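1. the following block contains a protein sequence and its predicted model.
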Amino acid sequence: MNLFGVMDISASALQAERVRAEVVAANIANAETTRTAGGGPYRRQHVVFQQTGGDGFAAALLGNTGSGNNGVGGSFGNSYPPAELASGFGSPVAPGGVEVAGVLSDQSAPLKRYDPQHPDAGPDGYVAYQDINPLTEMVDLMGATRSYGLNATAVQAEKNMVTSSLEILK
């Protein structure tokens, strides 16, 4: 691994966690959305990560840059990368890093609430809502935020080590 390998790995994690936080924020914002352009209620989204190149973080630290696969396949059924999030997909990152493999739609049955006055109510008076639990989404958002902060700290620590190394060489 070169001098900036750890920074590359942390940068890939920063990018992946940013996408995760944006997807969670979209889930929270659309929790009460009953009609989408595709029809039906909003579907909760899940972010799927996969390792990039190499055989994992330990192999990257040891300098082994094999091209192992962690078993995450290419087909995700109803997955899609939303256009606003797709900018980071497929970008080259360091072996041992992480990338977003896809964003999956939750295929669970929607919740039915009785509200005959709602414009999206069916003939029986029930409205379909996606089962989005705000507490679950907030925990996921806190996890993404914490991971983002830890990776930013790792980048800062490496930057400090490089600066200290340069000071020693003076």
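-> Received the coordinates, thanks.

2. what's the spacing between the closest residue to Thr34 other than its chain neighbours and Ala31?
-> The shortest distance from Thr34 to any non-neighbouring residue, by Cβ to Cβ, 6 or more residues apart in numbering, is to Asp120 (4.3 Å). (C-beta placed from N, C-alpha, C; glycine too.) According to Cβ to Cβ, to the nearest Å, Asp120 stands 15 Å off from Ala31.

3. which of these two has more neighbours?
-> Ala31 (17 against 14; other Cβ atoms under 10 Å).

4. helix/strand/coil for the more buried one?
-> Following DSSP: H, G, I helix; E, B strand; the rest coil, we place Ala31 in the coil state.

5. hmm, Ile132 and it touching each other?
-> Yes: counting by Cβ atoms under 8 Å, Ala31 touches Ile132, with 4.2 Å between them.

6. residues shared between the contacts of the two?
-> Residues touching both Ala31 and Ile132 by Cβ atoms under 8 Å, 6 or more residues apart in numbering: Tyr42.

7. residues contacting the residue sitting nearest the centre point of the chain?
-> Centroid-nearest residue in the chain, with Cα atoms, centre = their mean: Arg20, separated by 2.9 Å. Counting by Cβ under 8 Å, 6+ apart, Arg20 makes contact with 47, 49, 100, 140, 144.

8. contact partners for the last one?
-> By Cβ under 8 Å, 6+ apart, Ala144 lies in contact with 17, 20-21, 24.

9. please apply the same query to the fourth one.
-> The neighbourhood of Asp140, defined by Cβ under 8 Å, 6+ apart, consists of 20, 24.
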